[in-house]
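>>> got a predicted structure plus its sequence, pasted below:
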Amino acid sequence: MFVQRRNIITLSYPRLFLPTIQGRFPVGVTTFTTPVQPLRSVGSVKLKNFRRARQDYPEHALLLEEVAFTAYYPAEVDASSKNGIPWFIRPIRDTLNGFSTFIGISKWLLWPVLYIFAAFLKIPAYPNAPLLIPKETLQWPLVIFSHGLGGSRTAYSQFCSGLAASGKVVLALEHRDGTGIACRPRLWNQGSQSDSRMLLYLRESDVHWDDDDAISVHPLPLRGQQLEFRHHEIHIAYSAFCRLVANDSALQIDTIDGTPYPKQSWAASGDLGLKRVRYENRVMLTGHSFGGCTVLSLLSRIPLEEYMRIPVERAVILDPWLEPLAIPGPVPFEFPSPPTSDSIGESGSSSLEAATVAPVASMDLDTKLPRPRMLVINSEAFTLWKEHYARLQKVVAEWEPQGGHILTILGSAHVSFSDFPVLPIIRKRTARPVLDTITNLSLSFLDDRLSEAIQTIPTRTMEIEIVGVKKDGKPKRKLVGNVGDVIIQ
């Protein structure tokens, strides 16, 4: 609308915010990037359209050039702190092109619908704010989050911010394997960065292989190679973050847009000489859909040879998509006793191998890494997917043989775990309570108080009713109960 002041007409814009973040602490958000040097190609998948490729790698579809992740964390703020972070990834043009590719609708049709969100929609958090000094817990626990197909590092901001507001540091990966909407890896040359090509969502029709026999063992060949790419990204992001907290002067890291951030707040030590973030042990993993698949894949395989293991204690899997994983499996990988610090080698090298191994030198390596605990939170839609749910039960039983670690939330859909159902204007009445339940159950499990939390929510036994007929003639089913009820299996 127009606002007139002293005969000067100015234009004021609406401020669209996602729902207020509930929790004990204000939430800061900083997006970090770190280079992969030398860059490398992952897998054998190739691009059909060379215009989407790097000029020096004209065919390779999966290139590790730069790893990016957004940190959501308890922040130190005051009355002068700026509040509000763009939800749409910048530049806006890239994101709109990415949504067009993902949804399969012309960008010219999407532009008038999405632009108001793209320009004005904000996450209610503090950009590049200092990391708060922990008091009661001495150290903030570390959580790593992996997004699903068509997701991004901001698409789950409500969930990640909810964890951060409770006192956790959450690293939300921006997967650059063609599963995100859009991104622009930068070229790092002698300390400076420049834009590379735009990466949009990658469809199966966009790629090919020279040797079909070489990929016949994968249930979904493209997704299988994207999983391998994601393994690299998670290990590199974890390593870079550990080195940031450890104040490693050899680390190359920057914010994604080059804006300054209070680096010392991340590297500072608190009481008892402890770093503010606990990264040496008891790390937690979480992910949605293909991100949940990523977590399962990561925990069921030996780390790639250039990386040390991530000391994961717990994992929350949100509506996991299992089809990209080989059958049978996945099953927990039993790590052997870790090597001694003498066998790790020197840190400070610019090589990828040294950079990813270095953080482990300060870890407690004298005991065998225990099997991570696991919780799965399922949507009603995925629980009603009969064959998929039966497989999920078998998978979770390998981690939690006593049962009770698959929770289904009635009335939820696959998209309920993301921000999309709670966006302004299109927000549904039941979307926020469902997302709050997802967040609270996840937190209670990560904090080892799941049994206590379950006592405070309505639960039901599994009961299915037929409510109609689908277009393909099959019966349409639903779970009996009220929206927000939880089924425990």
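Here it is on my side, so go on.

>>> how much space is there between K122 and S157?
Separation of K122 from S157 (CB to CB, to the nearest Å) stands at 10 Å. Placement of C-beta: from N, CA and C, glycine included.

>>> which one of those two is surrounded by more residues?
S157 (28 against 17; other CB atoms under 10 Å).

>>> what's near enough to touch the more buried one?
By CB atoms under 8 Å, 6 or more residues apart in numbering, the contact set of S157 is 18, 29, 72, 87, 123, 125, 419.

>>> recalculate using a threshold of 10 Å.
Counting by CB atoms under 10 Å, 6 or more residues apart in numbering, S157 makes contact with 18, 21, 27, 29, 70, 72, 85, 87, 122-125, 164, 170, 172, 418-419, 422.

>>> now, which of the residues you listed lie within helices?
A164 (DSSP state H).

>>> pLDDT (mean, whole number) over the biggest helix by length in the chain?
In the chain, with assignment by DSSP H, the single longest helix is helix 221-245. Averaging pLDDT along helix 221-245 gives 95.

>>> and if you look at stretch 413-428?
Taken as a whole, stretch 413-428 has an average pLDDT of 89.

>>> what residue ranges in the stretch 301-450 of the chain score low on pLDDT?
335-369 (pLDDT under 70).

>>> for it, just list every one of the helices.
For the stretch 301-450 of the chain, applying DSSP state H, counting those that start in this stretch gives helices covering 352-357, 380-383, 386-399, 431-446, 450-454.

>>> and the stretch 151-300 of the chain, by the same measure?
Using DSSP H, counting those that start in this stretch, helices in the stretch 151-300 of the chain cover 157-165, 221-245, 263-267, 290-299.

>>> and those: which comes nearest E204?
Closest to E204 of the helices of the stretch 151-300 of the chain, according to CB to CB: helix 221-245, at 5.5 Å.

>>> chain center to that closest one: distance?
11 Å (CA atoms, centre = their mean, to the nearest Å).

>>> same thing with stretch 304-316?
On the basis of CA atoms, centre = their mean, stretch 304-316 is displaced by 15 Å from the centre of the chain it belongs to.

>>> isn't F145 up against G287?
Yes: contact criterion CB atoms under 10 Å: F145 and G287 qualify, at 6.2 Å.

>>> ok, the two, which is more surrounded?
Neighbour comparison, F145 and G287: the larger count goes to G287, with 31 against 27 (by other CB under 10 Å).

>>> which ones are touching the more buried one?
Taking CB under 10 Å, 6+ apart as the contact definition, G287 lies against 144-148, 151, 156, 172-173, 175, 230, 234, 293-296, 298, 315-320, 417.

>>> who touches both of K122 and S157?
The contact sets of K122 and S157 overlap at 18, 85, 87 (CB under 10 Å, 6+ apart).

>>> so which of those residues belong to strands?
Members of the shared contacts of K122 and S157 lying in strands (criterion: DSSP state E): I85.

>>> relative to R278, which of the shared contacts of K122 and S157 is nearest.
Taking CB to CB as the measure, R278 lies nearest I85 of those, at 25.2 Å.

>>> count the neighbours of the closest one for me.
Neighbours of I85 (other CB under 10 Å): 23.

>>> give me the distance between it and K122.
I85 sits 6 Å away from K122, going by CB to CB.

>>> over to T33?
From T33 across to K122, the span is 22 Å (CB to CB).

>>> export the helices of the stretch 151-300 of the chain to a markdown table and tack on distance to F382?
Output for the helices of the stretch 151-300 of the chain, formatted as a markdown table (distance: least, CB to CB, whole Å):
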| stretch | distance to F382 |
| --- | --- |
| helix 157-165 | 17 |
| helix 221-245 | 17 |
| helix 263-267 | 37 |
| helix 290-299 | 10 |
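
>>> neighbours around the nearest residue to Y389 once chain neighbours are set aside, how many?
Spatial nearest neighbour of Y389, excluding adjacent residues (CB to CB, 6 or more residues apart in numbering): T383 at 5.3 Å. For T383, the neighbour count with other CB under 10 Å is 23.

>>> identify the residues contacting T383.
319, 389, 392, 406-410, 412, 462, 464, 479, 487, 489.

>>> same deal with E76?
For E76, the contact set (CB under 10 Å, 6+ apart) comprises 25-26, 28, 126, 129-133, 262, 265.

>>> mind showing which ranges of the stretch 101-250 of the chain have poor pLDDT?
Scanning the stretch 101-250 of the chain for pLDDT under 70 picks out the ranges 113, 190-195, 211-217.

>>> coming back round to it: nearest to K46, of the shared contacts of K122 and S157?
Lowest distance from K46 to the shared contacts of K122 and S157 (CB to CB) belongs to W87, with 33.3 Å.

>>> please name the nearest non-neighbouring residue to the closest one.
Counting by CB to CB, 6+ apart, W87 lies nearest to L121, which is 4.4 Å off, once chain neighbours are set aside.

>>> just list whatever residues bridge to the one you found.
Counting by DSSP bridges, L121 is bridged to L16.

>>> what's the separation between it and K82?
L121 is 16 Å from K82, by CB to CB.

>>> more neighbours, the two?
For L121 and K82, the more surrounded residue by other CB under 10 Å is L121, and the numbers stand at 23 against 10.

>>> how about the closest residue to V415 other than its chain neighbours, what does it touch?
Distances taken as CB to CB, 6+ apart place P421 nearest to V415, at 6.0 Å, with adjacent residues excluded. Each residue near P421 by CB under 10 Å, 6+ apart is listed here: 158, 412-413, 415, 427-428, 430-432, 434-435.

>>> and R276, what are its phi and psi?
R276 adopts backbone torsions of phi -70, psi -20, taken as degrees, to the nearest 10.

>>> that one contacts A246, doesn't it?
No: R276 lies out of contact with A246 (CB under 10 Å); the separation is 11.4 Å.

>>> can I get the shared contacts of K122 and S157 in TSV with pLDDT and distance to Y201?
TSV is the format used below for the shared contacts of K122 and S157 (pLDDT from 0 to 100; distance: CB to CB, whole Å):
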residue	pLDDT	distance to Y201
L18	89	23
I85	91	23
W87	87	18
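
>>> R477 touches V467, doesn't it?
Yes: here R477 reaches V467: they are 7.0 Å apart, a contact under CB under 10 Å.

>>> more neighbours: which of those two?
Between R477 and V467, R477 has the larger neighbour count (other CB under 10 Å), namely 14 against 9.
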